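>>> Structure for the following, please:
(one chain, ligands or ions: 2)
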Amino acid sequence: MISDPSTKYRPFPPVHLPQRQWPGRVLTEAPIWCSVDLRDGNQALAEPMNIGQKLEMFDALVRCGFKQIEVGFPAASNTEFKFMRQLIESGRIPHDVTIQVLVQAREDLIERTVESLRGARKAIIHLYNSTSPAQRRVVFGLEKSQIIEIARRGTQWIKDRLPKLPGTEVIFQYSPESFSATEVEFSLEICEAVMDVWQPTPQAPLILNLPDTVEVAMPNVYADQIEWFCSHLKHRDCAIISLHTHNDRGTGVAATELGLLAGAQRVEGTLFGNGERTGNLDIVTVAMNLYMHGIAPGLDFSDLNALSKIYERCTGMTVPPRQPYAGELVFTAFSGSHQDAIKKGLSEWADGKGRSHWDVPYLTIDPADLGRQYREVIRVNSQSGKGGVAYLLESEFGISLPKDMQREFGPLANDEVDRLGREVSAEELRQMFWREYVERSVPFELTRFHAEGSEGRFRCTAAVTREGTPFELSGEGNGPIAAFVHALTKTAASAQPLSASFEVAYYCQHALGTGSEASAIAYIQLTLADGRTRWGAGVDTHIELASIKAVLSALNRALLAAR
Ligand code: KIV
Ligand code: ZN
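Ligands and ions are numbered 1, 2, ... in the order given. Below is the predicted model:
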């Protein structure tokens, strides 16, 4: 890089538009969408789609609800031409879907394009030529009037050939390519010249597509260009103004949204922003941005994972993990504080406590609306806190840890995750929990337990092993747990209590699973003679046994910690 970029690059001239209206407007409805995946997206692939892939992509776009689809550049190659013919002849184009084809202002190419459309019910013929000063100077070496002549001639050649398409409703689209880098006055002049030739009407308007072919300025400048154009265009009601942004400065979505505020009615773009260089506009993002403001986008992305797979299969591209709405990680929180807020927000939403509109911290929309799972939302790595660990155990396995136990297990799990140095799955967390609490059998292991009694007086008999040595014990208490604690701590037949004294400070239990797999899990917190506390957990098909095992789990953990 150079130290003074102003010696090599210049600022972009602003549009003079002191009365601009777009900053004060809000979007209230979806535009007409046109997918250009099969043309602009396809032409940017190292290995363009074959016919099978194009057909799969076309069907997927139709399922999403696109009513206008630019299917290719039929005069560019045999594959493109054959694809067009196959689409039309196989009757694959639904009645409410209009196909669009791109062509340059060359008579031979226009002839071939028209030929490719024979038998189509409805088609948009999209003519373009470049208009920017750099293109005029470097590529064509032509004056403005000659550039206008190219556009007029191309339009006339298409018009002349309409009789060759009987039964086809043709809509004409013109793009002054590199519109955003072209003087607005010249863009207007050339578009009006094209309109003079085509003679559109309010009932049969043409489409003027104003491309941000290469993003050269901030999105507000593009919006100014669009508003300036819309407010100066003669016969505005005879034209549909369309946007076609690319993403060179990373603001293709913003440029489109501001361009819509500025008066455009139609948007061209691709799924996930595939396209030349940094890509075309990502239509999914603009549509979902409308959706998150309560505006029906008219496109259905209810199964975005499936759509991403089709896209990846057909284009060979990948959807980056942080791609808005579609990326693998966009609904995932690793950070403990984010997880905690999301967990609380989701549970408020699930309770439905009078909240009619989505307002969950860190989640702009409900992941379920895109076919995403709540289970993807909270994932655990070394940055996560106890909340995420507890959430996963509960949401995946129904293990609902008492709050205070979360404070004990969270840091233990975190240390383990930190040691592993990677994300851990819910199953791995369950295994950690099992190892830490449920599978504790040293020094004590329960072999048998029986309790009977009523009205607060229970007797129990039990068999345990301590470091492998068997002991028979009995005790009394106001319940089975109290009787077992008594049995462990009173002087036994061996003339020694099996354990130093301790008390049960907290106890709770709940069912785990349903049906024949059903078991119960009990959580117990013990307070030891020295005031320390320890949690334990036990699992069994009998709730009473689960609680007795939980006592031994806590006791074993306390005794091992004291060693
Ligand atoms: O980016 C562009 O200008 C184009 C035109 C052909 C519309 O793709
Ligand atoms: Zn483009």
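
>>> which residues touch residue 325?
Shown in contact with residue 325 (Cβ atoms under 8 Å, 6 or more residues apart in numbering): 284, 285, 288, 301, 304, 365, 370. Heads up, the C-betas are built off the backbone N, CA and C, glycines and all.

>>> looking at this, it is in a strand?
No: read with DSSP: H, G, I helix; E, B strand; the rest coil, residue 325 is coil and lies in no strand.

>>> Renumber starting at 8 from here on
I'll keep to 8 as the first residue from here, and by that count the last item is residue 332.

>>> Tell me the spacing between it and ligand 1.
Distance, residue 332 to ligand 1, by Cβ to the nearest ligand atom, to the nearest Å: 23 Å.

>>> ok so, going back, counting only helices, which of the contacts of residue 332 make the cut?
Secondary structure assignment by DSSP state H places 291, 292, 295, 311 of those in helices.

>>> Grab the two from the residues you listed that are most spread out in space.
Farthest-apart pair in those is 292 and 311; separation 11.3 Å (Cβ to Cβ).

>>> ok, back up a step: any idea which of the ones in helices among the contacts of residue 332 has the most stuff around it?
With neighbours defined as other Cβ atoms under 10 Å, the most crowded of the ones in helices among the contacts of residue 332 is residue 291; it has 28 neighbours.

>>> Which pLDDT does the model give that one?
Listed pLDDT for residue 291 reads 98.

>>> ditto for residue 384
87.

>>> Could you check how far it is from residue 365?
14 Å (Cβ to Cβ, to the nearest Å).

>>> Can you pick out the residue with more neighbours from those two?
For the pair residue 384 and residue 365, the greater number of neighbours falls to residue 384 (22 against 14), based on other Cβ under 10 Å.

>>> That one: what's its closest spatial neighbour, skipping adjacent residues?
Spatial nearest neighbour of residue 384, excluding adjacent residues (Cβ to Cβ, 6 or more residues apart in numbering): residue 338 at 5.2 Å.

>>> How many neighbouring residues does the one you found have?
By other Cβ under 10 Å, neighbour count at residue 338 equals 23.

>>> quick one, phi psi at it?
phi -110, psi 20 (degrees, to the nearest 10).

>>> Hmm, it is touching residue 375, no?
No: Residue 338 lies out of contact with residue 375 (Cβ atoms under 8 Å); the separation is 9.8 Å.

>>> Quick check: buried residues in stretch 166-175?
168, 172, 175 (16 or more other Cβ atoms under 10 Å).

>>> Nearest to ligand 1: which residue in the stretch 258-407 of the chain?
Per Cβ to the nearest ligand atom, residue 283 is where the stretch 258-407 of the chain lies closest to ligand 1, at 6.8 Å.

>>> Could you verify that that residue is part of a strand?
No: under the criterion used here (three-state DSSP), residue 283 is coil, not part of a strand.

>>> wait, what's in contact with the residue lying closest to it once chain neighbours are set aside?
Residue nearest to residue 283 in three dimensions, not counting chain neighbours: residue 51, with 4.4 Å by Cβ to Cβ, 6+ apart. The contact partners of residue 51, by Cβ under 8 Å, 6+ apart, come to 281, 282, 283, 284, 286.

>>> would a markdown table of the contacts of residue 332 with distance to residue 73 be doable?
As requested, those are exported to a markdown table (distance: Cβ to Cβ, whole Å):
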| residue | distance to residue 73 |
| --- | --- |
| 291 | 12 |
| 292 | 15 |
| 295 | 15 |
| 308 | 11 |
| 311 | 15 |
| 372 | 21 |
| 377 | 17 |
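
>>> which one of the residues you listed is nearest residue 237?
Closest to residue 237, out of all of the contacts of residue 332 and judged by Cβ to Cβ, is residue 292, at 23.7 Å.

>>> where's the longest helix seen in the chain relative to the chain centroid, distance-wise?
Identified as the longest helix of the chain according to DSSP H is helix 550-569. A distance of 44 Å separates the centroid of the chain from that of helix 550-569, by Cα atoms, centre = their mean, to the nearest Å.

>>> Let's test this: mean pLDDT of that helix, rounded?
94.

>>> residues of that helix that come out buried?
550-566.

>>> Go back to the residues you listed and keep what's next to ligand 1.
For ligand 1, no contacts are drawn from these by Cβ under 6 Å from any ligand atom.

>>> Tell me how many other residues surround residue 62.
If we define neighbours as other Cβ under 10 Å, then residue 62 has 18 of them.

>>> show me what contacts it?
Per Cβ under 8 Å, 6+ apart, neighbours of residue 62: 90, 93, 94, 99.

>>> What of residue 278?
Residue 278 neighbours (Cβ under 8 Å, 6+ apart): 42, 44, 48, 68, 71, 289, 290, 291, 314, 318.

>>> Could you tell me which of those residues are located in helices?
Under the assignment DSSP H, these contribute 68, 71, 290, 291, 314, 318 to helices.

>>> Now restrict those residues to buried residues only.
Applying 16+ other Cβ under 10 Å to those flags 68, 71, 290, 291, 314, 318 as buried.
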